[in-house]
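Colleague: Prediction below, plus the sequence it came from.
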Amino acid sequence: MTAVIPAVTKLSGRIIRILGFNPGPMTLQGTNTYLIGTGRNRILLDTGDKDIKDYQNSLCEVVQSEQVNIEHIVVTHWHHDHIGGVENIYGGIAKHPKVWKHKRSKEDSPDNELSPSIPVNWLSDGQEIIVEGATVKVHHTPGHTTDHVVLSLKEDNVLFSGDCILGEGTAVFEDLYTYMKSLQKILDLKPDIIYPGHGPVVEDPLQKIQYYIEHRNKREGQILEALKNNASKQLNEMDLVKIIYTETAEHLWPAAAYNVNHHLTKLTKENKVKCVKVDDENRWQFDGVCNCNL
């Protein structure tokens with residue numbers, strides 16, 4: 001276990017981290033939210049879960065002690081532990097902030113996470129949001145979700161990675177193909193440091209990003225190997241988790257199965273494995289005719 005993340009941390013002259021007080025298996029010690037800038041008007045990146053009093057109190061204390069105003073609220077993606085607190089902050093701790101989020105894909109359910117009374121401004125790839133002492137640039141990085149964005153801080157060459165890259169462990173994703181492209185996009189930015197959506201600061205970002213890419217490639221190889229070694233069987237996601245994730249705590253197996261499913265979807269599209277229905281359940285089998293380089 002890494003060092004405990006304090007409720008409030010001044011990470012630099014431009015960045016204050018406020019912990020979301022919503023710990024859990026998927027959120028680690030909680031959602032990291034960030035107050036960015038040096039002047040009176042600041043950017044708040046992410047807002048934690050809805051109705052978390054400890055978080056609201058911490059944020060309010062920071063705003064008052066720093067004597068600042070939240071001019072912009074930027075949400076990295078639609079998940080409740082990032083967007084949920086907007087309704088507690090809007091009109092209260094922040095009187096009239098501009099709320100920003102990237103649109104979800106047309107194939108997703110509609111963008112309706114917030115009350116209709118809160119106007120949402122739509123982010124675009126490459127857009128910049130500027131306050132005194134901070135210029136943040138938006139990079140659309142789908143994969144974890146279709147609307148996910150990361151932000152680079154131009155003054156310090158740091159990256160706020162949302163849930164694309166975590167401070168510890170690896171991230172879940174909706175679409176492996178787009179997620180891998182997003183990891184490469186982040187790698188190409190060459191940040192000096194990463195402030196993640198969950199977990200501690202990433203001090204060795206390029207090594208961490210490369211690890212994420214190699215980890216996913218390794219998992220794909222392990223899935224193919226497990227299916228090849230059980231070529232006569234038709235396995236589901238949890239069967240594969242039990243074979244591959246031998247060092248992972250059992251309570252994390254459902255998240256692992258979620259990721260394995262996306263690997264299998266990708267591999268099926270590439271004709272490296274075949275999917276069959278068994279009692280209305282998808283199962284997978286090694287396709288002996290494919291060239292999988294195992």
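Modeller: Received the coordinates, thanks.
Colleague: what residues are up against the residue most central in space within the chain?
Modeller: In the chain, the centroid-proximal residue (Cα atoms, centre = their mean) is D163; its distance is 1.2 Å. Contact analysis of D163 by Cβ atoms under 8 Å, 6 or more residues apart in numbering lists 76-77, 79, 82, 144-145, 148, 171-172, 196-198. The way it works is simple: take the backbone N, C-alpha and C, and place the C-beta from them, glycine included.
Colleague: With respect to S232, which of those residues is nearest?
Modeller: V172 (30.7 Å; Cβ to Cβ).
Colleague: my guess is the closest one contacts A257, does it?
Modeller: No - if you go by Cβ atoms under 8 Å, V172 and A257 don't touch, sitting 10.4 Å apart.
Colleague: from the middle of its chain, how far away would the longest helix belonging to the chain be?
Modeller: Identified as the longest helix of the chain according to DSSP state H is helix 205-229. Here the centre of helix 205-229 is set off from its chain's centre by 18 Å, with Cα atoms, centre = their mean, to the nearest Å.
Colleague: ok, residues contacting that helix?
Modeller: Counting by Cβ under 8 Å, 6+ apart, 159, 165, 170-171, 176, 179-180, 183-184, 186-187, 190-194, 202, 235, 240, 243-244, 259-260, 263-264, 266-267, 272-273, 284-286, 292, 294 sit against helix 205-229.
Colleague: can you give me the offset of the helix or strand encompassing L151 from its chain's centre?
Modeller: Assigned by DSSP states H and E, L151 belongs to strand 149-153. On the basis of Cα atoms, centre = their mean, strand 149-153 is displaced by 12 Å from the centre of the chain it belongs to.
Colleague: Which elements pack onto that strand?
Modeller: Under the contact criterion of 3 or more Cβ pairs under 8 Å, 6 or more residues apart in numbering; DSSP states H and E, strand 149-153 touches strand 134-140, strand 158-162.
Colleague: Output those in TSV, with distance to E87, mean neighbour count and mean pLDDT appended to each entry.
Modeller: What follows is these, written out as TSV (distance: least, Cβ to Cβ, whole Å; neighbours: other Cβ atoms under 10 Å; pLDDT from 0 to 100):
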stretch	distance to E87	mean neighbour count	mean pLDDT
strand 134-140	23	20	98
strand 158-162	20	27	98
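Colleague: Specify the stretch among these that is closest to G20.
Modeller: It's strand 158-162; of the helices and strands packed on strand 149-153, that one is closest to G20 (Cβ to Cβ) at 13.1 Å.
Colleague: which helices and strands sit right next to the closest one?
Modeller: The contact analysis (3+ Cβ pairs under 8 Å, 6+ apart) places strand 158-162 against strand 149-153, helix 176-189, strand 193-196.
Colleague: Using JSON lines, lay out these together with mean neighbour count.
Modeller: As requested, the helices and strands packed on strand 158-162 are exported to JSON lines (neighbours: other Cβ atoms under 10 Å):
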{"stretch": "strand 149-153", "mean neighbour count": "25"}
{"stretch": "helix 176-189", "mean neighbour count": "18"}
{"stretch": "strand 193-196", "mean neighbour count": "23"}
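Colleague: rank these by pLDDT, which is bottom?
Modeller: Per-stretch mean pLDDT for these is lowest at helix 176-189 (a mean of 94).
Colleague: so how far is that one from its chain's centroid?
Modeller: 12 Å.
Colleague: what's the answer for stretch 65-85, then?
Modeller: 15 Å.
Colleague: Report the rounded mean pLDDT for it.
Modeller: Across stretch 65-85, the per-residue pLDDT values average to 98.
Colleague: mind listing what's buried in that stretch?
Modeller: 68-79, 81-85 (16 or more other Cβ atoms under 10 Å).
Colleague: Could you tell me the end-to-end distance of that stretch?
Modeller: Length of stretch 65-85, first residue to last, Cα to Cα, to the nearest Å: 20 Å.
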